[in-house]
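J.: Fold the following and give me the result.
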Amino acid sequence: MGAVAEDLIPILTRFHREVVLPDIKRIVGDLRDEMNGKFAALDTHFDEIYKRFDRLETEYQMLVAGLKRVEERLDRVEQRLDAVEKKLDKVAVRSELLELKARVDALQGQVQALEERLDA
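T.: Numbering: from 1, shown residues only. Here you go, the predicted structure:
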C-alpha cells in the first residue's frame with residue numbers, strides 16, 4: 001500500500017469511531033427504545049385480553065350453573081306435571097266410569113219399563 005493509504009487508515013478508524021459508530025449506536029438505541037415501547041403496549045393489550053377472557057370464563061361458568069338450575073327446575077316441573085296428568089287421567093277415568101254407570105242405570109230402567117209393558 002502506498003503512503004496515502006497508510007495515512008487514511010488512522011483517519012478512517014477515527015472517523016468510524018467518532019462518527020459512524022455513535023450514529024449506529026444511536027440508531028440501534030432508538031430502534032430498541034421504539035420496540036420496547038411497542039412490546040410494552042402489546043403486553044398491556046394482552047393483559048387486557050386475558051382479563052376479558054377471565055371475565056368471559058366467569059360469566060360462562062355462571063351461565064352453565066344457571067342453566068343447570070333451570071334444567072333441574074324443569075325436571076321437577078315435568079315430574080309434577082306427570083303426577084298431575086296421572087291424577088287427571090284417574091279423574092277422567094272415574095268420570096267416564098260414573099257416566100257409564102249412569103247409562104247402565106238408564107238402560108236398566110228402560111229394560112224394566114219394557115218388561116213391565118210386556119207383562120201387562
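J.: any idea how far Thr93 lies from Lys87?
T.: In this structure residue 93 is Val, not Thr. To Lys87, Val93 is 11 Å away according to C-beta to C-beta, to the nearest Å. Just so you know, the C-beta spots here come from the backbone N, C-alpha and C atoms, and that holds for glycine as well.
J.: So which elements touch the helix or strand where Arg69 lies?
T.: Using DSSP states H and E, Arg69 maps to helix 21-119. If contacts are counted by 3 or more C-beta pairs under 8 Å, 6 or more residues apart in numbering; DSSP states H and E, helix 21-119 sits against no helix or strand.
J.: Need the mean per-residue confidence for it.
T.: Throughout helix 21-119, pLDDT has a mean value of 90.
J.: For that helix, what is the distance to the chain centroid?
T.: When C-alpha coordinates are averaged (C-alpha atoms, centre = their mean, to the nearest Å), helix 21-119 and its chain have centres 13 Å apart.
J.: tell me the contacts of Ile24?
T.: Shown in contact with Ile24 (C-beta atoms under 8 Å, 6 or more residues apart in numbering): no residues.
J.: please redo it, this time with the cut-off set to 10 Å
T.: Residues near Ile24 by C-beta atoms under 10 Å, 6 or more residues apart in numbering: His16.
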